[in-house]
Structures are given as structure tokens and as C-alpha cells.
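>>> Model the structure of this input:
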Amino acid sequence: MSDHLTIVTHPLVQHKLTLMRDKDTSTASFRQLLREISQLLAYEVTREMATTTKQIETPLCAMDAPVLAGRKLALVSILRAGNGLLDGILELIPSARVGFVGLYRDEETLQPVQYYCKLPSELDERLVIAVDPMLATGNSSAAAVDLLKAAGARNIRFLCLLAAPEGVARMKEAHPDVPIVTAALDERLNELGYIVPGLGDAGDRMFGTR
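Residues are numbered from 1 along each chain as shown. Have a look, this model is predicted:
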């Protein structure tokens, strides 16, 4: 554990992750588990959000009570698998602004190719959380953060379900100012750029595609 990488070891997170890794877990169960685990991970990634106070009346008296400060945070889904994390976090933070970055990985070079980008306004005044279940080579994630910074974002965090050491190193090199929150740091990437032991292709397992 470091300032750059936080591994969420909560028993519920680890239990749900094990169920998701199991190749016999159905598409419907995988999708539901991803929604549930995303809320638990969101608790960690939003831990240091800024707060202020406002005066309210409880049934007994007036009090100064804590509320979130500043502009609504921005959630940015790295398509398509990022949407699985996005749905759960939005249940927890329904007022969040939402953006999308479309990147696909060239299977020969393993480099990201951008095909879509739609982001909320005033990113420079928001906490921006980029979400993608898998941090594998780190190339797509680093490219997505490049786009966020180009759009003005200054306070960025990256939330993923699984990370490979290669991806963490790539992100630290490209964006040392962007903390990573994940449920597990796995062993390595295989020759195809997949995380091992991993859980397969998160998008395929979530949407039932191959």
C-alpha cells in the first residue's frame, strides 16, 4: 500500500471479487456483483472528499451538520466495461456528473485507440473519478487520464477492480499525481495483455459477449 496505490482489503470486497473471478459465475450474477463491489470501492475512493457545514433543524434542535462542498464530482467511465462500475457508484452518488471516454485496445500493439469522448464541464473545479474494471497494461488508462487533464481536470482518481503490476507502474510513470484504488493487485499480464489470474474480459463477462 502506498500513496499511489490503495488495495481495498475489506472482507466483503474480497468475497465478492472471488465470486466474480469464478468462471462459472453467470453473466447476471457477475453484473450484480460488479454493481455491489463498485459501491464498496466508491466508499474508499471518495473518503477524502471536501465537506463544509450547513445549519439544519433536527426534530430536537438546530445544528451545523456536514455536507459535501464544492461542485458535484465527475465520474468518467472508460467504455465499455467502465459502465459496470459506473452504475453502482451512481446509486451511491446520484448527483454526480458523468462523462465517457471510448478507447479500444489494438490487439497487435496493445495501444489504445480513441473513438469517443464526452466530458462534463468545469472539470478543473471537480473531483474526477475515472472508472475501468481492469488496469492491465495501463496504456488505455493513461490515455484516458491524458484526455481528462487536457479537458482541465486537476484532481483525478482512478478506480478499478483489478490491477496488474505493469499497469500500476505505467500509470505511476505517466500520472504520478493520480491515486489508484483497487480491490486486488494480481500477479502479472500474460502474452495477450490479460491480467493473471484475473477474471477474463470484464466487458464480455458483464454483457455476455465473446
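
>>> Scan the protein for its longest strand.
strand 97-105 (DSSP state E).

>>> Return the list of strands paired to it, each annotated with direction.
strand 74-79 (parallel), strand 112-118 (antiparallel) (DSSP bridges).

>>> Let me know the next secondary structure element after the first one.
Just to be clear, that refers to strand 74-79. Per DSSP states H and E, strand 74-79 leads on to helix 82-92 as the next helix or strand towards the C-terminus.

>>> next one: the last one
Scanning the chain past strand 112-118 towards its C-terminal end, the next helix or strand to appear is strand 127-131 (assignment: DSSP H and E).

>>> can you list contacts of that next one?
38, 45-46, 49-50, 70, 73-78, 82, 85-86, 89, 101, 141, 144-145, 148, 153, 155-160 (Cβ atoms under 8 Å, 6 or more residues apart in numbering). (Glycine included, C-beta is placed from N, CA and C.)

>>> With stretch 179-191 instead?
Contacts for stretch 179-191 (Cβ under 8 Å, 6+ apart): 3-8, 13-14, 17, 37, 41, 44-45, 135-137, 157-168, 171, 195-198.

>>> which of these count as buried?
4-8, 13, 17, 37, 41, 44-45, 135-137, 157-168, 171, 195, 198 (16 or more other Cβ atoms under 10 Å).

>>> So residue 26 versus residue 207, what's the distance?
The gap separating residue 26 from residue 207 is 13 Å, by Cβ to Cβ, to the nearest Å.

>>> do the same with residue 175
Look at residue 175 and residue 207: by Cβ to Cβ, they are 28 Å apart.

>>> Same drill for those two, tell me which one is more crowded.
More crowded of residue 175 and residue 207, by other Cβ atoms under 10 Å: residue 175, with 21 against 16.

>>> what about the strands in the protein?
Under DSSP E, the chain gives strands at 5-7, 51-57, 62-68, 74-79, 97-105, 112-118, 127-131, 134-135, 155-159, 162-163, 180-182, 184-185, 188-189, 195-196.

>>> Mean neighbour count, those: which tops it?
Mean neighbours per residue, mean count of other Cβ atoms under 10 Å, is largest over the strands of the chain for strand 134-135, with a mean of 27.

>>> Which strands or helices does that strand pack on?
strand 162-163, helix 165-174 (3 or more Cβ pairs under 8 Å, 6 or more residues apart in numbering; DSSP states H and E).

>>> Name the strands paired with the first one and say parallel or antiparallel.
Each strand that strand 162-163 pairs with, and the sense of that pairing, follows from DSSP bridges: strand 134-135 (parallel), strand 184-185 (parallel).
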